[in-house]
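> quick one: sequence and predicted model below, then my questions.
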Amino acid sequence: MTVAAESLSRPALRRHLRQLRRDLSPAQQRQASLRLYRQLAQHPLFRRARHIALYLPNDGEIDPRPLLREAQRRGKATYLPVLDPWPRTRMVFQRIAPGERLRCNRFRILEPHRAPARQRPLWTLDLVMMPLVGFDERGGRLGMGGGFYDRSLAYRRLRKNCHKPTLLGLAHECQKVDRLPLASWDVPMTATVTDQGWYRST
């Protein structure tokens, strides 16, 4: 069932959608992760991409780790977000090797140990798979509220002819809303992929 976004304030909508995904059982989370893998592993966007950014799940987010392992198995370069220390709000993408040891950032999310030589500008990646709290069929994305991805994607307003990377939001189907209000700084996603299917931006 699609959530009626206009009936809730943005903070209330964020709380509601976060609770929906947290309420999924471990078995439901595993099934959703497997279905997400099946949606993407053989898709041309994934097969052709050589440099892929993903994330590690937190707070009930759909789990893309099977896709991370598959990308590494195929010899693709894989990247995870790394946050600057508090109070800075910058996020970079750093290449990660299979089995690499990770540390917890200030939000208790695992990330690689900072290594600037292994970081890559976002616009040079082929595919970025982003977590989200809510989405709509127009490519709208509601994040956690920290603005890390919004700031990272701000280059698109400066690089008018830059078509890379492809931006895919990953979500549980229960995170779909009818329509999200978009701010001037929001960058629409190419598509959102859930455990149930694809929603391409219109």
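All right, it came through fine.
> those strands in this structure, which residues are they?
With strands called from DSSP state E, the chain shows them at 51-53, 77-83, 91-96, 102-104, 110-112, 119-120, 127-130, 134-135, 141-142, 166-171, 191-194, 198-200.
> packing partners of the third one?
Right, strand 91-96. Packed against strand 91-96 by the contact rule (3 or more C-beta pairs under 8 Å, 6 or more residues apart in numbering; DSSP states H and E) you find strand 77-83, strand 110-112, strand 119-120, helix 148-152. From N, CA and C alone the C-beta is placed, and that goes for glycine too.
> each with direction, which strands does that strand pair with?
Here strand 91-96 is paired, per DSSP bridges, with strand 77-83 (antiparallel), strand 119-120 (antiparallel).
> what about it, distance to the chain center?
Centre-to-centre, strand 91-96 and its host chain are 13 Å apart (C-alpha atoms, centre = their mean, to the nearest Å).
> which other residues reach it?
Contact with strand 91-96 is made by 53, 77-84, 111-112, 114-115, 118-120, 122, 125, 128, 148-149, 151-152, as judged by C-beta atoms under 8 Å, 6 or more residues apart in numbering.
> mind doing that once more with 6 Å?
Residues outside strand 91-96 that contact it (C-beta atoms under 6 Å, 6 or more residues apart in numbering) are 53, 77-83, 112, 118-120, 122, 148, 152.
> then the longest one?
Counting contacts by C-beta under 6 Å, 6+ apart, the residues outside strand 77-83 that touch it are 51-53, 68, 71-72, 91-96, 105, 111-112, 114.
> just among those, which is most surrounded?
Ranked by neighbour count (other C-beta atoms under 10 Å), those have residue 52 at the top, with 27 neighbours.
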